[in-house]
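> Provided below for reference: sequence and predicted model.
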Amino acid sequence: MRRYGPASLLILCGVALLRIALFSELYLRYVKPGLRPFLIASGVLLISLGIVGVVAAFRSSGGSGAENDHEHHGAGSDDRHRGEVSGHGHDHSRGPRVAWLLAAPALALLFFPPPALGSYSAEREAAQYAAQGIGTFPALPDEDPVDLTLGEFTSRAMYDSGATMKGRTLRMTGFVTRDGDTWYLTRLLISCCAADARPNKIEIRGADAPATDAWVTVTGTWHPEGELGSDEAWPPVLDATSVKHVKQPENPYEKL
Amino acid sequence: MASQGSNERARNLAGGARVAVRALVSVVVGGLSLITILTVGSVLGPMLAMDLYTPAVAAWWTVFTAVVVQGMPFLLLGTLMSAAIGAFVPERVFRRLLPRSPALAVPVAGAAGAVLPGCECASVPVADSLMRRGVAPAAALAFLLSAPAINPVVLVATSIAFPGSPAMVAGRLIASLATAVIMGWLWVRFGREEWLPRRARTATKAPTSGGRWRDFRAGFQHDFLHAGGFLVVGAAAAAMFNIAVPRSVLDAFTGSPWMSVLLLAVLAVVLCVCSEADAFVAASLSGFSPTAQLAFMVVGPMVDLKLIALQAGTFGKAFAVRFSSVTWAVAVVSSVLVGWWLL
């Protein structure tokens, strides 16, 4: 275990990365889509370096076994002693003990991938909207209904002097959060990883609240309220005509 | 004679009986307690697990995993680079590139941080291997601080997060570089060798018989696993604060400009947002003054829980505590000054 441990730990981490980034879309629960190639490259690299490490450990097990064992006893907790001491790098084969902590997230990703953040995180953080100037926005595409992200809806509702959304049928997907009797269509926004998630929310009127955390697609029209850019205009309101339950999207977050 | 023999047999019998009874008792007691434990465990275990698996725990688990997953490619890049420096780049290269005097080498190394396109996880192992290659600790530390803060990826992200305010990008560049260089100079003047572990200041000898590739692989494996373990520690702490500190608490402090600078500087330490993403988080803290946002972005890549854990693992606890606390103070002062000048 000691001899093959460090190298197998590398392989374990690599396999975990490939499982979430190459063989599934699970990585989208944790990081932004742009990181995928890096995660896959890291997974491949870790696995190959781990295999080389296992082979190296297997080869060295013939000759220098006794010497290695001796070192294991003597070195104690001091994993700072490095190649400089022996000049041969024998003690590299004995991995630092703290490294075993890496097994926790790796095994979790393999067997029990943590869920995407949901209403708990969205409600804990005071939702805020990015401050931006009032101005004109490009016209919406000619579809009916128009699919929008919650972020786009919020900025148009708050800052669009041309009121491009007026009279249009809009469609958005998110999960449900509630505050007393009002309910919100909510989506978390991440710019790098789930640690920086911030909620975007839209008040939904004219439809009964589904269960908290349920994923729904809401179709409806914008309900202007308050002056542009003022606090009364936030959160923006949508008059719903239909609320449909959907599966959680592959990417549960919106990108900034 | 006969009585002695029967006596002995009786004693043997009694001894045997005692052993048998003892064995029986221990089997029964042990078995019963085992059955009890298994039953209680199998009944209560899932119930307890369900109870403990609250939304808060689930969110902690997700944020923890996210920080580790996100840091992994950068840590890998950093350790590959550091292992490559250790195995392939001879010491004289650095001796030629950097000015002889540490006081001059510090600004050069600080500016060189601009070329490492990664976040803070990558810079710790690289700085470590620079020291092992005989680069003056002061210069390596300036590089350690500046690399995650002033590289092009981070500056571009900052300009996207603060559209229409190039002063913020310039402020970040200047304040971060100033902090890194000042910390390097402070180390030249006040730094003590014994704060760093022995191996960090002994220059490595030329690679030995095993060959450079073997040194590279062994060095990589050790550095990655070592730093990875500490990344996990830091991620756990970061997730804890991420879940425990509601961001609405911050609204109470937005009134006072001084408090808000200090508050965001502390927040940068506990949230451990990656330096490539912290600009977006800073921009979202729209209730705060630009100077406070700048302090958040200057402190974040230089001092945070994840980094303190990584540094403690790489350079030792004595170093990490002193270095991080002084860096924090210098970063706050320089962002206040730069904010007052530019923003």
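Yep, it's here.
> Spell out, range by range, the strands that occur in chain B.
Taking DSSP state E as the criterion, chain B carries no strands.
> Lowest average confidence across helices and strands of it, where is it?
helix B:198-201 (a mean of 54; mean pLDDT, DSSP states H and E).
> Tell me how many other residues surround the residue of the stretch 101-250 of chain A found nearest chain B.
Closest to chain B within the stretch 101-250 of chain A is A:Cys192: 3.0 Å, counting by C-beta to the nearest C-beta. Heads up, the C-betas are built off the backbone N, CA and C, glycines and all. By other C-beta atoms under 10 Å in any protein chain shown, 26 other residues sit near A:Cys192.
> Quick one: the helices in chain A, in order.
Per DSSP state H, chain A carries helices over the ranges A:5-21, A:36-60, A:65-75, A:83-86, A:103-111, A:119-124, A:150-159.
> what does the stretch 151-300 of chain B give?
Assigned by DSSP state H, counting those that start in this stretch, the stretch 151-300 of chain B shows helices spanning B:152-161, B:166-190, B:198-201, B:212-244, B:257-271, B:278-284, B:290-299.
> tilt between the fifth one and helix B:212-244?
Spelled out, it's helix B:257-271. 130 degrees (axes from the mean of the first three to the mean of the last three C-alpha atoms, to 10 degrees).
> picking up where we left off before, highest mean neighbour count out of the helices of the stretch 151-300 of chain B?
A comparison of the helices of the stretch 151-300 of chain B by mean neighbour count, using mean count of other C-beta atoms under 10 Å in any protein chain shown, puts helix B:290-299 on top with a mean of 28.
> what's the nearest residue to A:Ser161 if we skip its chain neighbours?
A:Ile134 (5.4 Å; C-beta to C-beta, 6 or more residues apart in numbering or on different chains).
> So that neighbour is in contact with A:Gly162, correct?
No - A:Ile134 is beyond contact range of A:Gly162, at 10.1 Å (criterion: C-beta atoms under 8 Å).
> Any chance you could list residues touching both of the two?
Overlap between the contact sets of A:Ile134 and A:Gly162, as judged by C-beta atoms under 8 Å, 6 or more residues apart in numbering or on different chains, is nil.
> ok, and the closest non-adjacent residue to B:Val135?
In space, and not counting its chain neighbours, B:Val135 is closest to B:Phe94: 5.1 Å by C-beta to C-beta, 6+ apart.
> mind checking how far the one you found is from A:Thr164?
58 Å (C-beta to C-beta, to the nearest Å).
> likewise B:Met131?
57 Å.
> so where's chain A shaky on pLDDT?
Within chain A, the segments meeting pLDDT under 70 span A:1-2, A:62-95, A:125-132, A:256.
> Give me the domain ranges for it.
Domain segmentation of chain A under automatic domain parsing yields A:5-114, A:120-255.
> the strands in the stretch 151-256 of chain A, which residues?
Using DSSP state E, counting those that start in this stretch, the strands of the stretch 151-256 of chain A run over A:170-179, A:182-190, A:198-205, A:215-223, A:237-245, A:253-255.
> Would you reformat these as TSV and include distance to A:Phe111 and mean neighbour count?
Below are the strands of the stretch 151-256 of chain A laid out as TSV (distance: least, C-beta to C-beta, whole Å; neighbours: other C-beta atoms under 10 Å in any protein chain shown):
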stretch	distance to A:Phe111	mean neighbour count
strand A:170-179	25	20
strand A:182-190	24	23
strand A:198-205	29	22
strand A:215-223	24	20
strand A:237-245	28	17
strand A:253-255	23	18
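> Between the ones you listed, which one is closest to B:Ala122.
strand A:182-190 (20.8 Å; C-beta to C-beta).
> Neighbouring strands - and their directions - for the closest one?
Its sheet considered, strand A:182-190 pairs with strand A:170-179 (antiparallel), strand A:198-205 (antiparallel), strand A:253-255 (parallel) by DSSP bridges.
> which ones are touching the closest residue to B:Trp213 other than its chain neighbours?
Nearest in space to B:Trp213, with sequence neighbours left out and distances taken as C-beta to C-beta, 6+ apart, is B:Ala87 at 7.5 Å. Shown in contact with B:Ala87 (C-beta under 8 Å, 6+ apart): B:207, B:212-213, B:215-216, B:219.
> Show me the residue at the heart of chain A, geometrically.
The residue lying closest to the centre of chain A (C-alpha atoms, centre = their mean) is A:Tyr30, at 2.2 Å.
> My understanding was that that one contacts B:Thr65; is that so?
Yes - between A:Tyr30 and B:Thr65 there is a contact at 5.6 Å, judged by C-beta under 8 Å.
> what sits against A:Glu227?
A:Ala233.
> quick one: it from A:Gly162, how far?
A:Glu227 is 15 Å from A:Gly162, by C-beta to C-beta.
> ditto for B:Pro257
36 Å.
> what's the answer for A:Thr154, then?
Using C-beta to C-beta, A:Thr154 is found at 16 Å from A:Gly162.
> Looking at those two, which is more packed in?
Shown here are A:Thr154 and A:Gly162; by other C-beta under 10 Å, A:Thr154 has more neighbours (22 against 12).
> Is B:Val126 in contact with B:Gly113, as I believe?
No - B:Val126 lies out of contact with B:Gly113 (C-beta under 8 Å); the separation is 9.8 Å.
> where do the contact lists of these two overlap?
B:143, B:147.
> Chain neighbours aside, what residue packs nearest to B:Cys272?
Nearest to B:Cys272 is B:Ala238, by C-beta to C-beta, 6+ apart, at 3.7 Å.
> List the contacts of the one you found.
B:Ala238 touches A:195, B:63-64, B:67, B:270-272, B:304-306, counting by C-beta under 8 Å, 6+ apart.
> so where is chain B shaky, pLDDT-wise?
Residue ranges of chain B with pLDDT under 70: B:1-6, B:44-52, B:117-119, B:198-210, B:245-255, B:274, B:276-277, B:284-287.
> per-domain residue ranges of it.
If you go by automatic domain parsing, chain B breaks into B:1-53, B:63-342.
> which one of the contacts of B:Ala87 is nearest chain A?
Of all those, chain A sits closest to B:Asp215, with 6.2 Å by C-beta to the nearest C-beta.
> Is B:Leu262 in contact with B:Val332, as I believe?
Yes - using C-beta under 8 Å, B:Leu262 is in contact with B:Val332, at 7.1 Å.
> Common neighbours of those two, please.
The contact sets of B:Leu262 and B:Val332 do not overlap (C-beta under 8 Å, 6+ apart).
> if we can go back for a sec, pick out whichever of B:Met131 and A:Thr164 has more residues nearby.
B:Met131 (25 against 16).
> Distance check, the closest residue to B:Val106 other than its chain neighbours against B:Pro107.
Excluding its sequence neighbours, the residue lying closest to B:Val106 (C-beta to C-beta, 6+ apart) is B:Gly184, at 3.3 Å. Taking C-beta to C-beta as the measure, B:Gly184 falls 8 Å from B:Pro107.
> anything in contact with each of the two?
Joint contacts of B:Gly184 and B:Pro107 (C-beta under 8 Å, 6+ apart) are B:Ala142.
> Look up how far chain B lies from A:Ile20.
7 Å (C-beta to the nearest C-beta, to the nearest Å).
> Residue numbers of the stretch 51-200 of chain B in contact with chain A?
Neighbours of chain A within the stretch 51-200 of chain B, by C-beta under 8 Å from any C-beta of the partner chain: B:55-56, B:58-59, B:61-70, B:72-73, B:76, B:80, B:132, B:161, B:163, B:197-199.
> so who does the residue nearest to B:Val106 touch?
B:102, B:106-107, B:109-110, B:138-139, B:141-142, B:145.
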